[in-house]
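Undergrad: Have a look; sequence and predicted model below, questions after that.
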Amino acid sequence: MQNNIDGYCDYIRVEGKSPRTIEGYKLDLDQLHSFLKQFFENEEVRVEEINTLQIRDFLRWLHDKPDCNRSLARKTAALRGFFSYLMLSDIISANPMLKIKRPKYEKKLPHFFSEDEINLLLSIPDQNTKCGIRDRAILETIYSSGLRLAELAGIQLGDIDFRRGRIRVVGKGNKERIIPIGRPALDAIRSYLPVREDFQTQHSSNLLFLTYRGKDFDTKQLDIILGRYISIVAQQKGYSPHTLRHSFATHMLARGADLRAIQEMLGHSQLSTTEIYTHVTLEDIKDAYRKGHPRGKG
């Protein structure tokens with residue numbers, strides 16, 4: 001089975017799945033492999049002998065674990081893709097996932113900053129230091145265009161169109177999209193560009209944002225740096241640099257932006273993924289009603 005898992009990972013890599021997705025799917029399938037060894041008495045697991053009952057036992061075992069929720073849906077997606085690949089490759093003649101229903105999970109509403117909190121957050125980086133100027137530009141860009149950290153890390157110098165107010169990013173699955181970027185973010189980038197030369201070395205790439213040593217950022221480094229600013233504004237568990245992306249979508253929707261336009265800007269393949277922000281906005285409206293209307297409580 002391990003060879004089949006490796007083959008599937010190579011297959012979805014060619015299809016354009018992100019390294020993070022491939023890593024997650026491999027962990028899910030390795031977990032299934034370990035679980036199935038009990039049915040095969042710790043001998044080699046033969047994929048053509050895996051049946052629906054064994055898959056259901058695996059999913060039931062996962063369901064009984066704490067905090068399974070959304071991860072169960074992802075693991076089911078990994079299994080569906082894996083067995084579909086085995087069918088396409090004529091490795092198995094029957095798909096054990098055909099009778100497995102897609103699990104329903106509770107959608108947790110994303111955290112988001114209020115507009116006042118965003119203004120406070122963007123004012124924190126010290127504009128008298130080169131790192132502060134860079135970090136302000138990073139925060140402004142993420143919030144202005146709703147970027148993922150990986151997308152921000154991959155922005156090239158030539159991806160910013162200052163005249164038209166646009167930015168080119170490469171999202172999940174190597175899909176390219178053009179997104180509007182606001183004047184405050186553009187101004188922050190303009191202020192950063194002369195400072196970028198102080199970070200740059202002869203080995204630096206053409207990426208827009210560079211580390212203190214002139215190297216490319218990875219998402220972990222960005223998460224740590226931006227997390228320090230965010231912790232000053234919001235101590236609540238769950239607030240992270242990704243909360244800026246949630247805030248972008250929530251504030252856009254609250255001010256009347258079209259849901260499909262937000263979907264395009266966020267790079268969501270399914271509208272249903274974007275629709276969660278309608279629930280956030282509705283809850284926000286309800287909360288404002290309860291606080292502000294004289295008969296809103298009760």
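TA: That came through fine.
Undergrad: what about the helices in the chain?
TA: All helices of the chain, identified by DSSP state H, fall at 2-15, 19-36, 52-63, 69-88, 115-123, 130-145, 149-153, 183-199, 219-233, 242-254, 259-266, 271-274, 276-292.
Undergrad: Of these, which shows the lowest average pLDDT?
TA: With a mean of 64, helix 276-292 has the lowest mean pLDDT of those.
Undergrad: Quick check: which of the helices of the chain is nearest to residue 170?
TA: Closest to residue 170 of these is helix 149-153 (Cβ to Cβ; 6.8 Å). C-beta here means a position set from N, CA and C on the backbone, and glycine is covered the same way.
Undergrad: I'd like the helices of the chain laid out as JSON lines, including mean neighbour count and distance to residue 171.
TA: Shown next, in JSON lines, are these (neighbours: other Cβ atoms under 10 Å; distance: least, Cβ to Cβ, whole Å):
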{"stretch": "helix 2-15", "mean neighbour count": "15", "distance to residue 171": "15"}
{"stretch": "helix 19-36", "mean neighbour count": "16", "distance to residue 171": "12"}
{"stretch": "helix 52-63", "mean neighbour count": "15", "distance to residue 171": "29"}
{"stretch": "helix 69-88", "mean neighbour count": "17", "distance to residue 171": "18"}
{"stretch": "helix 115-123", "mean neighbour count": "15", "distance to residue 171": "23"}
{"stretch": "helix 130-145", "mean neighbour count": "23", "distance to residue 171": "11"}
{"stretch": "helix 149-153", "mean neighbour count": "21", "distance to residue 171": "6"}
{"stretch": "helix 183-199", "mean neighbour count": "17", "distance to residue 171": "18"}
{"stretch": "helix 219-233", "mean neighbour count": "15", "distance to residue 171": "13"}
{"stretch": "helix 242-254", "mean neighbour count": "22", "distance to residue 171": "12"}
{"stretch": "helix 259-266", "mean neighbour count": "17", "distance to residue 171": "9"}
{"stretch": "helix 271-274", "mean neighbour count": "14", "distance to residue 171": "13"}
{"stretch": "helix 276-292", "mean neighbour count": "13", "distance to residue 171": "18"}
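Undergrad: and the end-to-end length of stretch 231-246?
TA: One end of stretch 231-246 sits 17 Å from the other (Cα to Cα, to the nearest Å).
Undergrad: Mind listing residues that contact that stretch?
TA: Outside stretch 231-246, the residues that touch it by Cβ atoms under 8 Å, 6 or more residues apart in numbering are 110-113, 117-118, 120-121, 124, 139, 142-143, 146-149, 222-223, 226-227, 230, 266, 277, 280.
Undergrad: if we can go back for a sec, list just the one of the helices of the chain that sits closest to residue 213.
TA: helix 183-199 (7.7 Å).
Undergrad: quick one: contacts for the residue nearest to the spatial centre of the chain?
TA: Of all residues in the chain, the one closest to the mean position by Cα atoms, centre = their mean is residue 148, 6.0 Å from it. Neighbouring residues of residue 148 by Cβ under 8 Å, 6+ apart: 171, 172, 242, 245, 267.
Undergrad: Could you check how far it is from residue 235?
TA: Using Cβ to Cβ, to the nearest Å, we find residue 148 at a distance of 24 Å from residue 235.
Undergrad: got it, and residue 252?
TA: According to Cβ to Cβ, residue 252 and residue 235 sit 26 Å apart.
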